[in-house]
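Enquirer: I would like to see how this sequence folds:
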Amino acid sequence: MIFLDSNVASAILGAIESGIDTIEVSLDIGISLSQVSISEMEFDVESLSKIVKDTDSIYFIDDDGIFKAAISSDHFYKLFPTGKSSAPALLIDGVLMHRIKDTDPIADAKSKAKLCARRGIDMLEICTGLGYSTIACLDREIRSIITIEKESNVLQLARLNPWSQRLFSDERVKIIEGDAVEHISKLKDGTVHAVLHDPPRFSMGSELYTADFYSEIHRVLRPRGVLYHYVGSPGSKYKKRDLQKGVMTRLRKVGFRNPVRKAEALGVLAIK
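Expert: All right, here's what the predicted structure looks like:
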């Protein structure tokens, strides 16, 4: 499968207009570079021109034609380009699900994994997304990880995304598709050494910020288990809202010890 964004399409279109037959571009959203023969690929100029103008989207080519890497259902989901040689972010209803300001999705995932993943442990992740944090935890040589994702459309985009493929190929990963509130209740006490909790913003998933849910996380953790909870900083600049403070208060209430802010990862770290 071939992937094109505005920059790659522009390079190919420029080669066509200049009569150049072979150019080096990435056809897998920046993972690698390929020598592309323009004459062999038979690119459609009209379609390329459309992609060049659509700077906020990624397209893919398969045997059936050219399509936007997006899904429209009850919400609108799509892969969002973040720059040359950089993994795409997930966009839901126009809201970015990854940090891209002064960082990129892969670097952000690594900063989260660094706080809670270590060699030989068993982990739980809440909200798989495109799987970047899961993969970052695998890179830190964990033993296993259960990752829960509610949105089937998000997992469908992950299966399409070249940067997400280890999520589905690594035997250490168990993906659960469904509601985290429901499925965490099915896990036994003391199941995991660490939890990476990466919920969407509060307005999109308030049930994942409650004391009841934190109590379930506390239950499934082993003694001295680690929780990293991504919170972000919504509203902090203009409304003086401190969502992290509220999270820390509720974590203490259910038994977590000494929750602390981790400014570099915009989250909270706590120990059972």
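
Enquirer: Between the two ends of stretch 230-250, what distance do you get?
Expert: End-to-end distance of stretch 230-250 (Cα to Cα, to the nearest Å): 15 Å.

Enquirer: average pLDDT across it?
Expert: What stretch 230-250 shows for mean pLDDT is 76.

Enquirer: Name the SS class of Ala109, please.
Expert: Secondary structure for Ala109, judged by DSSP: H, G, I helix; E, B strand; the rest coil, is helix.

Enquirer: Just the terminal-to-terminal distance for stretch 133-147.
Expert: 10 Å.

Enquirer: what does it rub up against?
Expert: Stretch 133-147 is contacted from outside by 106, 109-110, 112-114, 116-125, 128, 131, 164, 166-167, 170, 172-176, 187, 192, 196, 198, using Cβ atoms under 8 Å, 6 or more residues apart in numbering. For glycine as for every other residue, the C-beta is placed from the backbone atoms N, C-alpha and C.

Enquirer: again, but for stretch 116-124
Expert: If you take Cβ under 8 Å, 6+ apart as the criterion, stretch 116-124 is touched by 136-137, 140-148, 184, 187, 191-196, 217, 220, 226-228, 269.

Enquirer: Among these, which lie within helices?
Expert: If you go by DSSP state H, the contacts of stretch 116-124 have Ala136, Cys137, Ile184, Ile217, Val220 in helices.

Enquirer: could you dump those residues to a markdown table with neighbour count and distance to Val247?
Expert: Converted to a markdown table, these look like this (neighbours: other Cβ atoms under 10 Å; distance: Cβ to Cβ, whole Å):
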| residue | neighbour count | distance to Val247 |
| --- | --- | --- |
| Ala136 | 21 | 22 |
| Cys137 | 28 | 21 |
| Ile184 | 21 | 17 |
| Ile217 | 25 | 12 |
| Val220 | 20 | 18 |
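
Enquirer: in stretch 128-141, what's buried?
Expert: For stretch 128-141, a neighbour-count test (16 or more other Cβ atoms under 10 Å) marks Thr128, Gly129, Leu130, Gly131, Tyr132, Ser133, Thr134, Ile135, Ala136, Cys137, Leu138, Arg140 as buried.

Enquirer: How about stretch 93-106?
Expert: Judged by neighbour count using 16+ other Cβ under 10 Å, the buried positions of stretch 93-106 are Met97, His98, Arg99, Ile100, Thr103, Asp104, Pro105, Ile106.

Enquirer: Span of it from start to end?
Expert: Using Cα to Cα, one end of stretch 93-106 lies 22 Å from the other.

Enquirer: and what of stretch 144-154?
Expert: One end of stretch 144-154 sits 22 Å from the other (Cα to Cα).

Enquirer: average pLDDT for that stretch?
Expert: Regarding stretch 144-154, the rounded mean pLDDT is 97.

Enquirer: try stretch 74-91
Expert: pLDDT averaged over stretch 74-91 gives 94.

Enquirer: which residues make contact with it from outside it?
Expert: 5-7, 26, 29-31, 55-58, 68-71, 92-94, 96-98, 100, 104-106, 129-130, 132, 151, 153-154, 157, 160-161, 163.

Enquirer: how far is that stretch from where the chain is centred?
Expert: Mean-position distance between stretch 74-91 and its chain equals 9 Å (Cα atoms, centre = their mean, to the nearest Å).

Enquirer: hang on, the earlier thing: going through the contacts of stretch 133-147, which ones are buried?
Expert: Burial by neighbour count, 16+ other Cβ under 10 Å: within those this picks out 106, 109-110, 112-114, 116-117, 121-125, 128, 131, 164, 167, 173, 175-176, 187, 192, 196, 198.

Enquirer: and the gap between Thr210 and Ile100?
Expert: According to Cβ to Cβ, to the nearest Å, Thr210 and Ile100 sit 28 Å apart.

Enquirer: the helices in the stretch 151-272 of the chain, which residues?
Expert: 152-160, 166-169, 180-184, 211-220, 243-253 (DSSP state H, counting those that start in this stretch).
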